[in-house]
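K.L.:
Next input, structure requested:
(chains A and B)
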Amino acid sequence: MSEYASHDKNGVSVGVVEKKFFTFAEPPNEMVLESGARLGPITIAYETLGELNADKSNAILILHALSGDSHVAGYYNEGDEKPGWWDIMVGPGKGIDTNKYFVICSNILGSCMGTTGPSSIYPKTCKPYGFDFPMVTIGDMVAAQKELIDHLGINKILSVIGGSIGGMQVLEWFVKYPEMIASAIPLASSARHSALAIAFNEVARQSIMADPNWNNGDYYSGSKPDLGLAVARMIGHITYLSDEAMRQKFGRRLQDKKDFSFNFDADFQVESYLRYQGTKFVDRFDANSFLFITKAADYFDLGSSKGSRLAIESRENVDTKFLVVSFTSDWLYPTYQSKGLVKAMKKNSFDVSFCEIEADWGHDAFLLPNNRLSSLIKGFLDRIYYERAN
Amino acid sequence: MNAPINDMRFDLQVIASWIKPGSIVLDLGCGEGDLLSFLQENRQVTGTGIEKSEAKVAQCIERGLSVLQGDINEEVSDYREDTFDYVILSQTLQQVYAPSVLIQSLLRVGKKVIVSFPNFGHWTIRLQLLFHGDAPITKELPFQWYNTPNIRVLTLKDFRNFAQENRFTILKEVAINTHHHESKGNIINFLPNLRATYGIILLGKGE
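P.N.:
Just a heads-up that it's a prediction; the model follows:
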């Protein structure tokens, strides 16, 4: 997702941030996962921006998607080439205003950007977990985030915000800890993956697992399944764009040539783009993490045999307010899925707002500069902040 | 966020005066959210709006209102019975495809329903048709026949007959005449079907 991150046009930035670590679930007190397996110790990489106020009422938790990390905004060093992945949204005076709010973003469980995942060292073997890493769910990711929030001493989060798989975590936060969140903003998200979304994930996973270097997940001491992971990423990129976006961005234009090569080089710009994105991705991402996180997202389902897990009537002290946003050209998490969420929230008499933003850029629209999205989030947060202060 | 009552469209001022403080309100076709904002500030109302236009929905959310983007016919059906104390349908009835189905559905999700609409029985409209012979165009219904969103035209009298046929109980009815700036107006008691530019009706369930 970070291919969109670029320096703020107006030079507005939260500045230098630092990646921090929090470790918990030390044996014998491992975390019990939804699958019943035990995992520990668990380290969470996280970053905080802005200042936590005296009554700890201005905390906002941002939840990243598949390939994101804790580096949501700002720079690690003054000379960094790129800021964090959502720098356009998070910073002084921006949609999520760091002058006003204390922003927390942590790397998800199972990832490879500092939080415990399949590439972390398994204490039992002193080698990377690989496929000894237990299957983690969206619920487990959220349970780990809750440990971090407890550690920071925050009882009630002003808002949990996330897009795509980050949006699933937002919804899971509400299901698990509704009394802890004053508001929730799932962007371009869904109560469950469609067969189409699972299908794309499965093709991507198969691409990794078919790479001979994958070696049943045990590749950390040798060559990595770079080809498989690159193709997996290429598939992902197709689903994040849209027909319109690809038409505008590439059309049938050729890459650095006037005519076809009549071989299998990257003739078309779109081929070249996908190859570049794929190759770039393998430098920063772990193939096993890709497998685990996509599977967790496919397993996620807000529905159950007893109905929507959103139904929480019996619980007291719950007054979570929702802002649901979808994008017109998003065919991976289409608007009808966000509307399905809204429908379930209305049935349960939740306070919910919904807006479908006209955007050509497909699923990735939530990561791109969008004044409408910024002002929606800003206005909604202002209201929640104001309501809680009064 | 504060909206003084006399800045609002006059029919909305009348509607606002009918809403009991602390009520739960659904405003259909809420536009930029003037009424909801006023009710929230001045009547301690918990309000939700439904609006078709993305730009207007965004404006509402930005000013701190709970608003859903969508079609009113579809959106209303999701709510449970009696979710709202009042459901407001202001100046939208003339654009609705199936008015009786919609109002029935509003009376399901709301305990009371407030409907306001431009009165096609106003004397200026009658005279336009009589003397000019072309489809009337007024401040309240300012469109040509070929570009109007208003697929139905009705008079106060029509609505009363419609309510009777469909067994909707009219609890209150006010006819108003608005002035140029729309925020000023007065209530018409004498010959309302001839003299009022808008009708505002409070509907309830049962007898």
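
K.L.:
I'd assumed A:L291 was in contact with A:I208.
P.N.:
Yes - using CB atoms under 8 Å, A:I208 is in contact with A:L291, at 6.1 Å. Using the backbone N, CA and C atoms, a C-beta is placed for each residue, glycine as well.

K.L.:
joint contacts of these two?
P.N.:
Between them, A:I208 and A:L291 share no contacting residue under CB atoms under 8 Å, 6 or more residues apart in numbering or on different chains.

K.L.:
what residues does whichever strand or helix holds B:I103 touch?
P.N.:
For B:I103, the enclosing helix or strand under DSSP states H and E is helix B:99-109. Identification of contacts with helix B:99-109 by CB under 8 Å, 6+ apart yields B:26, B:28, B:72-73, B:76-77, B:79-84, B:87, B:89, B:93, B:96, B:113, B:115, B:152, B:162, B:166, B:168, B:203-205.

K.L.:
Can you identify the element that follows that helix toward the C-terminus?
P.N.:
Toward the C-terminus, helix B:99-109 is succeeded by strand B:110-118 as the next helix or strand (DSSP H and E).

K.L.:
picking that back up, could you figure out how far the helix holding B:I103 is turned away from strand B:110-118?
P.N.:
Interaxial angle of helix B:99-109 relative to strand B:110-118 (axes from the mean of the first three to the mean of the last three CA atoms, to 10 degrees): 150 degrees.

K.L.:
Can you list the buried residues in helix B:99-109?
P.N.:
Residues of helix B:99-109 classed as buried by neighbour count (16 or more other CB atoms under 10 Å in any protein chain shown): B:99, B:102-103, B:105-109.

K.L.:
From the chain's centre, how far out is it? Work that out for me.
P.N.:
Between the centre of helix B:99-109 and the centre of its host chain there is 14 Å, according to CA atoms, centre = their mean, to the nearest Å.

K.L.:
rewinding a little: in a markdown table: the buried residues of helix B:99-109, plus distance to B:Q128.
P.N.:
Output for the buried residues of helix B:99-109, formatted as a markdown table (distance: CB to CB, whole Å):
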| residue | distance to B:Q128 |
| --- | --- |
| B:P99 | 24 |
| B:L102 | 29 |
| B:I103 | 29 |
| B:S105 | 34 |
| B:L106 | 32 |
| B:L107 | 35 |
| B:R108 | 38 |
| B:V109 | 38 |
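
K.L.:
if we take those, which one ends up nearest to chain A?
P.N.:
Nearest to chain A among the buried residues of helix B:99-109 is B:V109, at 9.8 Å by CB to the nearest CB.

K.L.:
Could I get the phi/psi values of the closest residue to the closest one other than its chain neighbours?
P.N.:
Excluding the flanking residues, the one nearest B:V109 by CB to CB, 6 or more residues apart in numbering or on different chains is B:Y79, at 4.2 Å. Note on B:Y79: its backbone torsions stand at phi -80, psi 150 [degrees, to the nearest 10].

K.L.:
And B:Y79, how far from B:F168?
P.N.:
As judged by CB to CB, to the nearest Å, B:Y79 and B:F168 stand 19 Å apart.

K.L.:
now swap in B:G64 and tell me
P.N.:
When distance is defined by CB to CB, B:G64 is 34 Å away from B:F168.

K.L.:
got the contact list for the nearest residue to A:N53 once chain neighbours are set aside?
P.N.:
Spatial nearest neighbour of A:N53, chain neighbours left out: A:F102 (7.1 Å); criterion: CB to CB, 6+ apart. A:F102 makes contact with A:48-53, A:58-60, according to CB under 8 Å, 6+ apart.

K.L.:
Kindly report the same for A:D360.
P.N.:
A:242, A:244-245, A:248, A:329.

K.L.:
again, 10 Å this time
P.N.:
A:241-249, A:327-329, A:368 (CB atoms under 10 Å, 6 or more residues apart in numbering or on different chains).

K.L.:
got it, and B:Q164?
P.N.:
With CB under 10 Å, 6+ apart, B:Q164 has these contacts: B:I170.

K.L.:
Where does it sit: helix, strand or coil?
P.N.:
helix (DSSP: H, G, I helix; E, B strand; the rest coil).

K.L.:
so how far is B:L68 from the nearest residue to A:D364 once chain neighbours are set aside?
P.N.:
Once flanking residues are discounted, A:D364 sits nearest to A:Y240: 4.4 Å by CB to CB, 6+ apart. Distance of A:Y240 to B:L68, computed by CB to CB: 26 Å.

K.L.:
Ok, A:Q255 next?
P.N.:
Distance from A:Q255 to B:L68, by CB to CB: 44 Å.

K.L.:
and the two? which has more neighbours close in?
P.N.:
More crowded of A:Q255 and B:L68, by other CB atoms under 10 Å in any protein chain shown: B:L68, with 25 against 17.

K.L.:
now that one, what's its secondary structure?
P.N.:
strand.

K.L.:
you'd agree it is up against B:K56?
P.N.:
No - in this structure, B:L68 is not within contact of B:K56 by CB atoms under 10 Å, at 11.7 Å.

K.L.:
what do the two both touch?
P.N.:
Counting by CB under 10 Å, 6+ apart, the shared contacts of B:L68 and B:K56 are B:30, B:49.

K.L.:
So which elements touch the helix or strand B:L194 falls within?
P.N.:
Using DSSP H and E, B:L194 sits within helix B:192-195. Counting contacts by 3 or more CB pairs under 10 Å, 6 or more residues apart in numbering or on different chains; DSSP states H and E, helix B:192-195 packs against helix B:123-127, helix B:156-166, strand B:169-178.

K.L.:
same thing but at 6 Å, please
P.N.:
The contact analysis (3 or more CB pairs under 6 Å, 6 or more residues apart in numbering or on different chains; DSSP states H and E) places helix B:192-195 against helix B:156-166.

K.L.:
Pick out the residue nearest the middle of chain A.
P.N.:
Chain A has A:A65 as the residue nearest its centroid, 1.5 Å off, counting by CA atoms, centre = their mean.

K.L.:
picking that back up, inside strands: which ones of the contacts of A:D360?
P.N.:
A:F327 (DSSP state E).

K.L.:
mind putting the contacts of A:D360 in a markdown table, neighbour count, distance to chain B and pLDDT included?
P.N.:
Output for the contacts of A:D360, formatted as a markdown table (neighbours: other CB atoms under 10 Å in any protein chain shown; distance: CB to the nearest CB, whole Å; pLDDT from 0 to 100):
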| residue | neighbour count | distance to chain B | pLDDT |
| --- | --- | --- | --- |
| A:L241 | 25 | 21 | 93 |
| A:S242 | 24 | 17 | 91 |
| A:D243 | 11 | 21 | 92 |
| A:E244 | 14 | 17 | 90 |
| A:A245 | 19 | 19 | 91 |
| A:M246 | 17 | 23 | 94 |
| A:R247 | 13 | 22 | 94 |
| A:Q248 | 12 | 20 | 93 |
| A:K249 | 15 | 23 | 92 |
| A:F327 | 29 | 11 | 97 |
| A:T328 | 18 | 9 | 96 |
| A:S329 | 20 | 14 | 95 |
| A:L368 | 15 | 17 | 91 |
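
K.L.:
and the stretch 251-390 of chain A, which residues reach chain B?
P.N.:
Proximity of the stretch 251-390 of chain A to chain B, by CB under 6 Å from any CB of the partner chain, involves residues A:343, A:346, A:351, A:353-356, A:372, A:375-376, A:379-380, A:383.

K.L.:
how near is A:Y273 to chain B?
P.N.:
A:Y273 is 30 Å from chain B, where distance means CB to the nearest CB, to the nearest Å.

K.L.:
Chain neighbours aside, what residue packs nearest to that residue?
P.N.:
Using CB to CB, 6+ apart and skipping residues adjacent in sequence, the residue nearest A:Y273 is A:F250, 6.6 Å away.

K.L.:
Roughly how far does the one you found sit from chain B?
P.N.:
27 Å.

K.L.:
That residue: neighbour count?
P.N.:
Neighbours of A:F250 (other CB under 10 Å): 18.

K.L.:
quick check, B:I201 in a strand?
P.N.:
Yes - assessed by three-state DSSP, B:I201 belongs to a strand.
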